[in-house]
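[1] 3D model of this:
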Amino acid sequence: MKLDELISRATHLPSKVVAIAAAEDAEVMEAVAHALEKDLASFILFGDEEKITGMLASHRIESSHEGVRIVPAATAKEAAQLAVKAVSGKEADVLMKGNVPTATILKEVLNKEYGLRTGSVLSHVAAFEVPGYDRLIFVTDAAMNIEPILEQKVQIVQNSVSVARALGLEMPKVAPLAAVEVVNPAMQATVDAALLTQMNHRGQIKDCIIDGPLALDNAVSALAAEHKGIKSEVAGQADILFVPTIEVGNVLYKSLIYFANAKVGAIISGAKAPIVLTSRADSAESKLNSLALAVCSVK
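    Numbers count the residues shown, from 1 in each chain. As a prediction, this is how the structure comes out:
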């Protein structure tokens, strides 16, 4: 599957509603315009009504468009609160960050009264389309959990597996990444990778195949795995690249974009609903891809 196919898949699903907090953002509004054009979703836009109306008009979208509803909010904090409440109240299916600080919207997501926590770890799942690679490959977690312990890693894996399965991968192959392919007690990433593999073998982590530790080359290249004599259902065939720390994930994520010219869509998984928490530096195309990934991930 490529990202264009992901967008097509999203458009053929039952209609979903996206709540955008502080929607007065140029790139976000461009993504909304493209999404409306493709009939990807409908939107509730929370924020500065005058600015939102003007931005819609610049894309030749009337504020009376049947796929759009504007809800005024005096501040970014109020917009985030209202958007989260819309999702928790089942008025919307997806939450999206607009022109609001990440800390502000996450504070509302984690609110004990009306937030979107489920008790699970929230984690970032990115789907990359890499030039020359024959399918989407997922990377987790590049944005949320700094140095997760084993229990958190289990939940991060489960979140990514849930997203991959929503896209049609019935038994995604997960590669816990490390610098080497053997267990070294001095390298916690290798120890945790081996534990995740064993937990998967014993049925404690379901609906996927895990094998690690694997270095990046062995995870994505069958030739590299063969040269090192690695025999595995995952080596060279990984669907999900599971990174041990946020630094590894962040560098891999940005390397794929800036060195490999990869396209990406990403969401936060593990909440009551998918969350599109894109960066201000992300393009409108990435935001549209993320919207499609979120729509496909709605349970």
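
[2] tell me the contacts of Lys77?
    Contacts were defined as C-beta atoms under 8 Å, 6 or more residues apart in numbering; by that measure Lys77 touches Val100, Thr104, Glu108. Just so you know, the C-beta spots here come from the backbone N, C-alpha and C atoms, and that holds for glycine as well.

[3] tell me the secondary structure at it.
    Assigned with DSSP: H, G, I helix; E, B strand; the rest coil, Lys77 falls in the helix class.

[4] all strands for the stretch 1-150 of the chain, in order.
    17-21, 42-47, 68-72, 94-97, 123-129, 137-140 (DSSP state E, counting those that start in this stretch).

[5] the last one pairs with which strands, parallel or anti?
    The strands beside strand 137-140 in its sheet (DSSP bridges) come out as strand 123-129 (antiparallel), strand 240-242 (parallel).

[6] and it, what's buried?
    Of all the residues in strand 137-140, those buried under the rule 16 or more other C-beta atoms under 10 Å are Ile137, Phe138, Val139, Thr140.

[7] let me know the pLDDT of the closest residue to the first one other than its chain neighbours.
    Right, the one you point to is Ile137. Once flanking residues are discounted, Ile137 sits nearest to Phe128: 5.3 Å by C-beta to C-beta, 6 or more residues apart in numbering. Confidence at Phe128, expressed as pLDDT, is 98.

[8] quick one on the thing from earlier: any chance of the strands of the stretch 1-150 of the chain in JSON lines with distance to Phe259 as columns?
    Formatted as JSON lines, those follow (distance: least, C-beta to C-beta, whole Å):
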{"stretch": "strand 17-21", "distance to Phe259": "31"}
{"stretch": "strand 42-47", "distance to Phe259": "34"}
{"stretch": "strand 68-72", "distance to Phe259": "37"}
{"stretch": "strand 94-97", "distance to Phe259": "26"}
{"stretch": "strand 123-129", "distance to Phe259": "12"}
{"stretch": "strand 137-140", "distance to Phe259": "14"}
